[in-house]
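1. The following comprises the amino acid sequence and a computationally predicted model.
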Amino acid sequence: MSLTDPLLDRRPADAARAADAPGVDPVVLSTRDLQVWYGASLALKSISIAIPRNKITALIGPSGCGKSTLLRCFNRMNDLINGARMEGEIRFDGELISGPGIDAVSLRRRIGMVFQKPNPFPKSIYNNIAWGARINGYRGDMDELVERSLRRAALWDEVKNKLHRSGMELSGGQQQRLCIARTLAVEPEVILMDEPCSALDPISTARVEDLMDDLKTDYTIAIVTHNMQQARRVSDLTACLMLDETASADGHRTGILAEFSPTDLLFTNPKDKRTEAYITGRIG
């Protein structure tokens, strides 16, 4: 499925080309010198990152450093914000998706998103799953799709006898898994999660984390989290964003990428002093 005008440059980025080497995980999402503005304010500065397939990548860093902004770049959600603009490259499976002519609806079908606060539709559990599939043209067995999606979200056994009750009646953790099931129903390749457990209790958080570990077999996941323990538990790689000290001195909050490496390495032997200061709680 093409997301761009055929005249756009579709050459793979260096990161994607490098991923073809033996022993290197294929890159699904990559940025090169990505910069994002909200009006005159620079929110992200020169971000270059490569997210591999079937891995969980965590984005961590202090408040205001642009983690959610970066996440929303991957499915062009920032386009919905007045005054937002970006420069640089974003590629999805090697295809340039940061230029003009992008079919954002098609892109968001392939790169789904789960938000911080569970947001089920004011519909039945069944129709929460079926609605998105219907508007995206699904013509298969809807009952089978609903069951499959709920099973993948580890929710089927809890709701199979009340599919026609409102999704709003579920607990917070169940609502978040319902939102994940709704995302899975449109068969994305990538799932973006913006602090999906911040509103949940520890038991519900553990269930969502277990679900993420299961889902990475079939999906690529990128998650924003403020919880250092969660990043260590669930992610394969971690990107630490920090505030640009030069910009901060002028009263601006601009995020930069301090470090990106395998999670175990980043937490046990960080290469950047700012990363070490953040994960040990000296700044934050």
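-> Yep, that arrived. Residues are numbered from 1 along each chain as shown.
2. so what's Gly66 up against?
-> Gly66 is in contact with Val36, Ala43, Leu44, Ile47, Leu241, Thr254, Gly255, counting by Cβ atoms under 8 Å, 6 or more residues apart in numbering. For glycine as for every other residue, the C-beta is placed from the backbone atoms N, C-alpha and C.
3. let's see it at 7 Å
-> Ala43, Leu44, Leu241, Gly255 (Cβ atoms under 7 Å, 6 or more residues apart in numbering).
4. nearest spatial neighbour of it, skipping sequence neighbours?
-> Gly255 (2.9 Å; Cβ to Cβ, 6 or more residues apart in numbering).
5. Touching, Ser48 and Arg32? I think so.
-> Yes - with contact defined as Cβ atoms under 7 Å, Ser48 counts as touching Arg32 (5.1 Å).
6. and the gap between the residue lying closest to Leu200 once chain neighbours are set aside and Glu209?
-> Nearest residue to Leu200, sequence neighbours excluded (Cβ to Cβ, 6+ apart): Gly173, at 5.1 Å. Distance from Gly173 to Glu209, counting by Cβ to Cβ, to the nearest Å: 11 Å.
7. What of Asp194?
-> Following Cβ to Cβ, the distance that separates Asp194 from Glu209 is 15 Å.
8. Ok, Ile223 next?
-> 10 Å.
9. With Asp264 instead?
-> The spacing between Asp264 and Glu209, counted by Cβ to Cβ, is 17 Å.
10. out of those two, which sits in the busier spot?
-> Neighbour tally, Asp264 and Glu209, criterion other Cβ atoms under 10 Å: the higher count belongs to Glu209, 18 against 13.
11. Ramachandran angles for the more buried one?
-> phi -60, psi -40 (degrees, to the nearest 10).
12. which residue sits closest to it, ignoring its sequence neighbours?
-> Val234 (5.1 Å).
13. Identify the residues contacting that neighbour.
-> Ile56, Glu209, Met212, Asp213.
14. Select only the buried ones of the residues you listed in PyMOL?
-> PyMOL command restricting those to the buried ones, with burial defined by 16 or more other Cβ atoms under 10 Å:
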select buried, resi 56+209+212
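15. Looking at the contacts of Val234, which two lie furthest apart in space?
-> Spatial extent of the contacts of Val234 (Cβ to Cβ) is set by the pair Ile56 and Glu209 at 9.7 Å.
16. And for this protein, the residue most distant from the center?
-> Asn161 (31.3 Å; Cα atoms, centre = their mean).
17. Could you grab the helix/strand/coil label for that one?
-> coil (DSSP: H, G, I helix; E, B strand; the rest coil).
18. Could you give the bridge partners of Ala222?
-> Beta-bridge pairing of Ala222 under DSSP bridges involves Thr57, Leu192.
19. next one: Thr31
-> Beta-bridge partners, per DSSP bridges, of Thr31: Ile49, Ile90.
20. Please report how far it lies from Ile191.
-> From Thr31 to Ile191 the distance is 18 Å (Cβ to Cβ).
21. again with Gly61
-> Taking Cβ to Cβ, one finds Gly61 at 20 Å from Ile191.
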